[in-house]
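Student: Here is a sequence with its predicted model. Questions after.
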Amino acid sequence: MTDAIRIVGGEVYDPANHIEGQIRDIFIEDGRIVRDPIPGASTIDARGMVVMPGGVDIHSHVASGSVNLARRLLPEEHQRDPAPAPPLLEGKARSGTGGTVPSTFTTGYRYAGLGYTTVLDAAVAPLLARTSHAEFDDTPIVDGGFFVLVGNDEYLLELLDAGEREHAREYAAWLLDATHGYALKVVNPGGVEAWKRGRLAPMSIDTPLPASRVTPRAILETIVSAATSLGLPHPAHIHCNNLGRPGNVMTTLESMRAVEGQRAHFTHLQFHSYGGDSEGVWRSGAKELIEYVNTHPTISADVGQVMFGPATTVTADAPVEYLLHKSSGRKWANVDIELETGCGVVPHTYKEKAAISALQWVVGLELFLLAADPWRVVLSTDHPNGGSFLSYPELIHLLMDNTYRADRLKHVNNSLLAGSALSDGLEREYSLNEIAIITRAGPARLLGLRDKGHLGAGADADITIYSKEANIARMFATPRYVIKGGAVVVEEGQLRRTPNGRRLYVSPEHDRGIIPHLRGFFDKHATVSFDNYPVGELSDAAQPLVRLR
Ligand SMILES: [Zn+2]
């Protein structure tokens, strides 16, 4: 069913086109939204319902070698949450497993069932890009792409040590092209490599790596300006140094100042907004950080909200996982990816009666509630790190309902909450329009996806229709209809069709002059040959949506 459709009588939230709750009809033909009604189109009666663009997740972990490692580490989760094949009207249904790190098919089904139609994986080691493409090929419905890790890449670090920043930019472009990645990702710049070289202490952004002149500042400056000068649709996506450490808000502010005036996206800000000191005293640093973001319009962020319940931490920030494993005693997997990055996995449970979990929950909510511009501070839980994407409806409820939030706040451990803005009272309630911004219009704009996150003529026909009801969490957990690329995938709340998702990637041009030097590096240090490194043509299922130049 990809023919013409009319969605009639719905209350439309399309913030990119300044439509806020007006009753409008939406017309679809050949997978896109069109201006005028199409004769003979089938009709969806959306009277009494809310119509929004399909959700866009700017930062998630769903398709990578590290996600797959997490699946292997957690067989007990598979056992607890079997996911039977859904009763589809068309196509082959597949069973799978759920939990915090669902299997590929279940990931696609559940994201679509939640009204999300585009998902970016935020951390892929270039060497394992093939795995990510294979996993996305196996993840139905959602359009996907991934960010390529560059913040601890040995070749890049050597170039920076030699002062070769232009060469570094060309290398970053080559890497995106070779892996079919979508954006450049920096995780704990230099900190993972420092850990591999035996250093675990907190890093300032001016701490050089052992046996090197390279600092986190140099890495940040280089990658942020590379993303800009290459004209990438999404700016550098930055996970700062010192994640999860008390007092790290100072590092986050220093990192933002280091790239002041340039476009840069700072991810899962919640994990980087702690006041206090290295003596282990914690407090919220959300207010001072979000004030900086509010007054610096070239900076954007996603929150990385922590939700109470089970989670799985999956990150390229291997030293953080080492510390978490040591402090929690939970099982741990860790992998070094040769020359490129690290990777660790530790299951974790956020408990409302645990002081640090409660502080993290509060810090995330403060960032949301104190953010002045919802277009620049968007929703994420850093799935599955702060909680599963399935907790988004509960998070939306917390943002939209001050009474509910205040009630939840009464039940959390308040021993670290003295002086926090939320404890002092933040009465803001997000409107439906603001929810539409932080879950679809904003992320699409920050990602540079011009055909997504809005309902104007020419946009991809990715649409979610919710029954309007008083129970906000239930409303957002169970959309009545979800349309992906013009196909009705959810009908009357049931998953019915599972078209293939498309791949989002960029192909920036780069100076071929770097190739001999790069080939020499591979010959000398890598176990994979230079010629076998690029991913090559993607499978038929993948269609390029964004190709630069
Ligand atoms: Zn992440």
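Tutor: Arrived safely, thanks for sending.
Student: From residue 522, how far out is residue 397?
Tutor: Distance from residue 397 to residue 522, counting by C-beta to C-beta, to the nearest Å: 51 Å. Where you see a C-beta, it was placed from the backbone N, CA and C, and this is true even at glycine.
Student: Pick out the residue in the stretch 251-400 of the chain sitting closest to the ion.
Tutor: residue 382 (4.3 Å; C-beta to the ion).
Student: quick one: that residue and residue 268 touch, right?
Tutor: Yes. Counting by C-beta atoms under 8 Å, residue 382 does reach residue 268; the two are 4.2 Å apart.
Student: joint contacts of these two?
Tutor: Here residue 382 and residue 268 have 59, 302, 304 as joint contacts, going by C-beta atoms under 8 Å, 6 or more residues apart in numbering.
Student: show me the contacts for the closest residue to the last one other than its chain neighbours.
Tutor: Here the nearest residue to residue 304 in space, its sequence neighbours aside, is residue 268; by C-beta to C-beta, 6 or more residues apart in numbering that works out to 2.5 Å. Listed by C-beta under 8 Å, 6+ apart, the contact partners of residue 268 are 59, 239, 302-304, 380, 382, 385-386.
Student: before we move on, what about residue 136?
Tutor: 63, 121, 144-146, 501, 503, 542.
Student: Pass me the low-pLDDT residue ranges in the stretch 1-150 of the chain, would you?
Tutor: Residue ranges of the stretch 1-150 of the chain with pLDDT under 70: 1-2.
Student: Would you mind listing what in it touches the ion?
Tutor: residue 122 (C-beta under 5 Å from the ion).
Student: what ranges do the strands span in the stretch 1-150 of the chain?
Tutor: 5-14, 19-29, 32-34, 42-45, 49-53, 55-60, 82-83, 96-97, 116-124, 143-149 (DSSP state E, counting those that start in this stretch).
Student: Report the angle between the longest one and strand 5-14.
Tutor: If I follow you right, that is strand 19-29. Going by axes from the mean of the first three to the mean of the last three C-alpha atoms, to 10 degrees, strand 19-29 is angled at 150 degrees with respect to strand 5-14.
Student: so what strands line up beside strand 19-29?
Tutor: strand 5-14 (antiparallel), strand 32-34 (antiparallel) (DSSP bridges).
Student: what's the most buried one of those strands?
Tutor: Mean neighbour count (mean count of other C-beta atoms under 10 Å) peaks for strand 5-14 among those, with a mean of 22.
Student: In the stretch 51-200 of the chain, which residue sits closest to the ion?
Tutor: residue 122 (4.5 Å).
Student: Enumerate the positions of the host helix or strand of residue 292 that are buried.
Tutor: Using DSSP states H and E, residue 292 falls within helix 286-294. Neighbour-count burial for helix 286-294 flags 286-287, 289-290, 293 (criterion: 16 or more other C-beta atoms under 10 Å).
Student: low pLDDT regions in the stretch 351-500 of the chain?
Tutor: In the stretch 351-500 of the chain (pLDDT under 70), no residue qualifies.
Student: Would you mind listing the residues in contact with residue 264?
Tutor: Per C-beta under 8 Å, 6+ apart, neighbours of residue 264: 224, 235-236, 238, 256, 298-300.
Student: out of those residues, which one sits closest to residue 347?
Tutor: The shortest approach to residue 347 among those belongs to residue 238, at 25.8 Å (C-beta to C-beta).
Student: I'm done for today, thanks for sticking with me.
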